[in-house]
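> Any chance you could fold what I've pasted below:
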Amino acid sequence: MAETAILPARRSPFDGVWTPGDHGAVGPGGPGVTITRRPGLAAIQLDARAGTADAVRHAIAAALGVALPAAGHATPGGDVRAIWLGPDRWLLMAADGFGLEPKLRDAAGPAGGIVVDQGHGRAILRLEGPAVRDVLAKGTGVDLHPRAFAEHAVAQTGLFHLTATLDRRRGTGRFDVHVMRGFAVSLFESLCEAAAEYGYRLV
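Below is the predicted model of the structure:
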């Protein structure tokens, strides 16, 4: 009988540094930023081989009801969120129990797509609150004003000297920040330092 590989339980890279509660200069109106970890998400990278992007788009739309977004955007709504990572490359996310990876392989493989599980290699933080754009602006040159960076806009950018993905969610003050797992603690510490003057809450 063939042995079945069992992956260890996924652990958050923030476990050793996360202290829930309010920190920094929290004013009478509460913290300017709330930071939340986003565990329990499958994160699957999808690449289209040369000349297959249209076929991959149609296959994913038919199988999952998700339109793969154009450059600089994310697809809102539904069980699956897709964000643009680069030419003919996307990251698709869903709750772990959704079975995203096998569904993507079944749909995209025959159309020319390449599916790679990134769940163990990425860390995602959600930042929200009235001071979110001020905090992020300390570490990136991207113009995050709502007129320039609308809902469901996405940017691959440097953030506090690290490569990160900024995914603006619904509302003017909510962003998901993606970073490779090995740099997660460094990014977290930089975000906390930048948010200290506004006060921040770790949930």
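> Give me the number of neighbouring residues for Ala55.
By other C-beta atoms under 10 Å, the residues close to Ala55 number 16. In this view, the C-beta of every residue, glycine as well, is placed from N, C-alpha and C.
> cool, and Leu136?
24.
> check contacts around Ala184.
Ala184 makes contacts with Pro13, Phe14, Ala123, as judged by C-beta atoms under 8 Å, 6 or more residues apart in numbering.
> go again using 10 Å as the cut-off
When contacts are counted by C-beta atoms under 10 Å, 6 or more residues apart in numbering, Ala184 touches Ser12, Pro13, Phe14, Val17, Arg37, Arg122, Ala123, Ile124, Leu125, Leu162, Val177, His178.
> Mind checking what secondary structure the most centrally placed residue in the chain has?
The centre of the chain sits closest to His178, judged by C-alpha atoms, centre = their mean, with a distance of 4.2 Å. What DSSP: H, G, I helix; E, B strand; the rest coil gives for His178 is strand.
> which secondary structure element contains the closest residue to it other than its chain neighbours?
Leaving aside its sequence neighbours, His178 sits nearest to Thr165 (C-beta to C-beta, 6 or more residues apart in numbering; 3.9 Å). In this structure, Thr165 is located in strand 162-168 according to DSSP states H and E.
> What residues of that strand count as buried?
Buried residues in strand 162-168, counted by 16 or more other C-beta atoms under 10 Å: Leu162, Ala164, Thr165, Leu166, Asp167, Arg168.
> all helices for the chain, in order.
Taking DSSP state H, the helices of the chain run over residues 53-64, 100-108, 132-137, 184-195.
> Could I have the CA atoms of the last one written out in PDB?
Provided in PDB are the C-alpha atoms of helix 184-195 (Å, rounded to 0.1, in the frame of the first residue of the first chain):
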ATOM      1  CA  ALA A 184       6.100  38.000   7.800                       C
ATOM      2  CA  VAL A 185       7.500  39.000  11.200                       C
ATOM      3  CA  SER A 186       9.700  41.700   9.700                       C
ATOM      4  CA  LEU A 187       6.600  43.200   7.900                       C
ATOM      5  CA  PHE A 188       4.500  42.900  11.100                       C
ATOM      6  CA  GLU A 189       7.100  44.700  13.200                       C
ATOM      7  CA  SER A 190       7.400  47.500  10.600                       C
ATOM      8  CA  LEU A 191       3.600  47.900  10.500                       C
ATOM      9  CA  CYS A 192       3.400  48.100  14.300                       C
ATOM     10  CA  GLU A 193       6.100  50.700  14.400                       C
ATOM     11  CA  ALA A 194       4.300  52.700  11.700                       C
ATOM     12  CA  ALA A 195       1.000  52.400  13.400                       C
END
